[in-house]
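Visitor: Provided below are the primary sequence and the corresponding predicted coordinates.
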2 protein chains.
Amino acid sequence: MCLPGSLGHEEADALGDLVKHGRVLNKSEFLFRQDDRFGSIYSVRSGVLKSVSLSSGGDEKIIGIHLPGELIGLSAMDVERYPVSVQALETAHVCELPFGPLEELLKRSPQLRRHLFRLMSREIRSTQQMTWLLTKKTAEARVVILLINLSARFRALGYAANQLQLNVSRNDIGNFLGMSSETVSRVLTRLRQNGLIRIDGKQVRILKPIQLIELAEGSLA
Amino acid sequence: MCLPGSLGHEEADALGDLVKHGRVLNKSEFLFRQDDRFGSIYSVRSGVLKSVSLSSGGDEKIIGIHLPGELIGLSAMDVERYPVSVQALETAHVCELPFGPLEELLKRSPQLRRHLFRLMSREIRSTQQMTWLLTKKTAEARVVILLINLSARFRALGYAANQLQLNVSRNDIGNFLGMSSETVSRVLTRLRQNGLIRIDGKQVRILKPIQLIELAEGSLA
DNA sequence: CGACCGTTTGATTACTATCAAGACACGTGG
DNA sequence: CCACGTGTCTTGATAGTAATCAAACGGTCG
């Protein structure tokens, strides 16, 4: 399924017709690049991708990390060109939803309309929460909250919740959370030393979720 | 007009019928509070308001500052209750757009649909830009960028672009930009000393916009 | 095996928060 | 009208968190 959520059969079928052939991306391949002409919204079927925005000054900012079931491109609906690049962090499958036909379908399906509005609304909220994270939390708490957040999202997908396959470099994590890769590294080692997590390369295993949550809340309640 | 933007006459009329009696808010009065039941989206006709989110830990985070022409409540469309409180920073007029009837109208008006999607998309982008601001810019640059940003938004409304009436406390500015009120104060005095702005209480006059912009770009390009 | 990129760890620096005190503005009540 | 209190703003001194600079340590892939 390409648009997870509460859709009737009819809508699902119509949507199925609309979907252009799904796309497979290899690791580090781009789904689209910043300033490409906007034409489609994408839905992640498998794999993990990142959104990156390149500022005029030349530095990159990682805007989001996308797991299966999530939509990509919602921030481009009112502009000619995508404001970010999207790149696969591992082999990924996506569905392409061409925006024109999608709008047609929206005409007929109140369900789908509600659904899309919901998704966008949620996106707004989650980005706003990120600003809260960035201004009110210490580096340690930010990393911990990211781990908890990813864990919850994995669980919601039916994957193991405390066995995170982090195909994201320390650099990317730091960029995303507004800190240096060194600090990310330091925080992770400290967590490991305290027995809250285990680290095997890109694998992070959450050993004591409850204490992690306490840590996240604790540092500046 | 309650939904600024490109609407046909028909839509505008229908929308006019839909709008519940506008509301007037005195300074520091609440439009709605966090956890109030979601029912309406609001459009600012005059005045300035702020969105504040209260975390479980008890501390507040200012999420947004709303000028005339902007919509409030887009982040609540998929939840039962508003995730933020909205408070007037000065006397303000708003239109209330009850969500149920609005959805009815969306059924019939592709124009309006597009318009709403556009606004939400823009909101996503502007919040994402805020995360960029918070992670990639120094305290000084953040304040400067806020000034420039407000100036541009005022100009777009037809107001004087370099005569900002900042009915926001230093504390609120700091909260919004992720820094202490003291730092805000220091940055503003430095800007004043360098002749880039003038300050008369809440009035900020931009004297050298070009140099301000250079400053904003300069500190960490 | 060696080169290379990402990670870890250490030492130093720097930005900004925090703590504290004084200045200022404003509204109230004497 | 002026004294007073309250809240915000400014300014200063100090402290802390995280950035930066640097170097050693892997793991991976020709």
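Guide: Perfect, I can see it now.

Visitor: switch to C-alpha atoms for all contacts and neighbour counts from now on
Guide: OK.

Visitor: Quick one, grab the pLDDT at the residue of chain A positioned farthest from its centre.
Guide: The C-alpha centroid of chain A is most remote from A:R108, which lies 29.2 Å away (CA atoms, centre = their mean). Turning to A:R108, the model gives it a pLDDT of 86.

Visitor: any idea how far B:S109 is from it?
Guide: To B:S109, A:R108 is 12 Å away according to CA to CA, to the nearest Å.

Visitor: With A:E214 instead?
Guide: 48 Å.

Visitor: higher neighbour count, these two?
Guide: B:S109 (18 against 13; other CA atoms under 10 Å in any protein chain shown).

Visitor: got the phi/psi numbers for the more buried one?
Guide: As for B:S109, its main-chain torsions (degrees, to the nearest 10) stand at phi -120, psi 100.

Visitor: cool, and A:Q165?
Guide: phi -90, psi 100.

Visitor: Quick check: bridge partners of it?
Guide: A:Q203 (DSSP bridges).

Visitor: close enough to count as contact, it and A:K202?
Guide: Yes - the pair A:Q165 and A:K202 qualifies as a contact (CA atoms under 8 Å) at a distance of 6.0 Å.

Visitor: For chain A, which segments are assigned as strands?
Guide: With DSSP state E as the criterion, chain A has strands at A:20-25, A:30-32, A:40-46, A:49-54, A:60-66, A:71-72, A:85-88, A:92-98, A:163-165, A:197-200, A:203-206.

Visitor: Take these and lay them out in a markdown table including mean neighbour count, mean pLDDT and distance to DNA strand D.
Guide: Below are the strands of chain A laid out as a markdown table (neighbours: other CA atoms under 10 Å in any protein chain shown; pLDDT from 0 to 100; distance: least, CA to the nearest atom of the strand, whole Å):
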| stretch | mean neighbour count | mean pLDDT | distance to DNA strand D |
| --- | --- | --- | --- |
| strand A:20-25 | 15 | 84 | 17 |
| strand A:30-32 | 17 | 96 | 19 |
| strand A:40-46 | 22 | 94 | 21 |
| strand A:49-54 | 23 | 96 | 17 |
| strand A:60-66 | 21 | 97 | 13 |
| strand A:71-72 | 23 | 96 | 27 |
| strand A:85-88 | 23 | 96 | 16 |
| strand A:92-98 | 22 | 93 | 17 |
| strand A:163-165 | 17 | 92 | 13 |
| strand A:197-200 | 16 | 94 | 8 |
| strand A:203-206 | 18 | 94 | 11 |
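
Visitor: Let me know which of the ones you listed is the nearest to B:E60.
Guide: strand A:60-66 (23.5 Å; CA to CA).

Visitor: got the angle for the closest one vs strand A:49-54?
Guide: On the basis of axes from the mean of the first three to the mean of the last three CA atoms, to 10 degrees, strand A:60-66 is oriented at 160 degrees to strand A:49-54.

Visitor: Can you give the strand pairings for strand A:60-66, parallel or anti for each?
Guide: strand A:49-54 (antiparallel).

Visitor: mind saving the C-alpha coords of the strand it pairs with as CSV?
Guide: Output in CSV follows, covering the C-alpha atoms of strand A:49-54 (Å, rounded to 0.1, in the frame of the first residue of the first chain):
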residue,chain,number,x,y,z
LEU,A,49,15.9,8.3,3.5
LYS,A,50,16.9,11.7,4.5
SER,A,51,15.9,15.2,3.4
VAL,A,52,18.8,17.7,3.1
SER,A,53,18.5,21.4,2.4
LEU,A,54,21.5,23.2,0.9
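
Visitor: quick one: that strand near DNA strand C?
Guide: No - Strand A:49-54 stays clear of DNA strand C (CA under 7 Å from any atom of the strand), getting no nearer than 14.8 Å.

Visitor: Repeat that for stretch A:168-184.
Guide: Yes - shown here: stretch A:168-184 in contact with DNA strand C (CA under 7 Å from any atom of the strand) through A:V168, A:S169, A:R170, A:N171, A:S181, A:E182, A:T183, A:V184.

Visitor: does DNA strand D sit close to that stretch?
Guide: Yes - Stretch A:168-184 reaches DNA strand D (CA under 7 Å from any atom of the strand) through A:G178, A:M179, A:S180, A:E182, A:T183.

Visitor: So for that stretch, mean pLDDT?
Guide: 98.

Visitor: Which residues does that stretch contact?
Guide: A:61-64, A:89, A:134, A:139-140, A:142-143, A:185, A:202, B:134-136 (CA atoms under 8 Å, 6 or more residues apart in numbering or on different chains).

Visitor: how about 10 Å then?
Guide: With contacts defined as CA atoms under 10 Å, 6 or more residues apart in numbering or on different chains, stretch A:168-184 is touched by A:48-52, A:60-65, A:89-90, A:130-131, A:133-135, A:138-140, A:142-143, A:146, A:166, A:185, A:187-190, A:202, B:131-136.

Visitor: got the CA positions of stretch A:126-141 in PDB?
Guide: In PDB, the C-alpha atoms belonging to stretch A:126-141 read as follows (Å, rounded to 0.1, in the frame of the first residue of the first chain):
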ATOM      1  CA  SER A 126       6.500  17.100  14.400                       C
ATOM      2  CA  THR A 127       8.700  19.900  12.900                       C
ATOM      3  CA  GLN A 128       7.500  22.200  15.600                       C
ATOM      4  CA  GLN A 129       8.500  19.700  18.200                       C
ATOM      5  CA  MET A 130      11.900  19.600  16.600                       C
ATOM      6  CA  THR A 131      12.300  23.300  17.400                       C
ATOM      7  CA  TRP A 132      11.300  22.600  20.900                       C
ATOM      8  CA  LEU A 133      14.000  19.900  21.000                       C
ATOM      9  CA  LEU A 134      16.600  22.200  19.600                       C
ATOM     10  CA  THR A 135      16.000  25.000  22.000                       C
ATOM     11  CA  LYS A 136      15.000  23.300  25.300                       C
ATOM     12  CA  LYS A 137      17.100  20.200  25.400                       C
ATOM     13  CA  THR A 138      20.800  19.500  26.000                       C
ATOM     14  CA  ALA A 139      22.900  17.600  23.500                       C
ATOM     15  CA  GLU A 140      22.500  14.400  25.500                       C
ATOM     16  CA  ALA A 141      18.700  14.700  25.800                       C
END
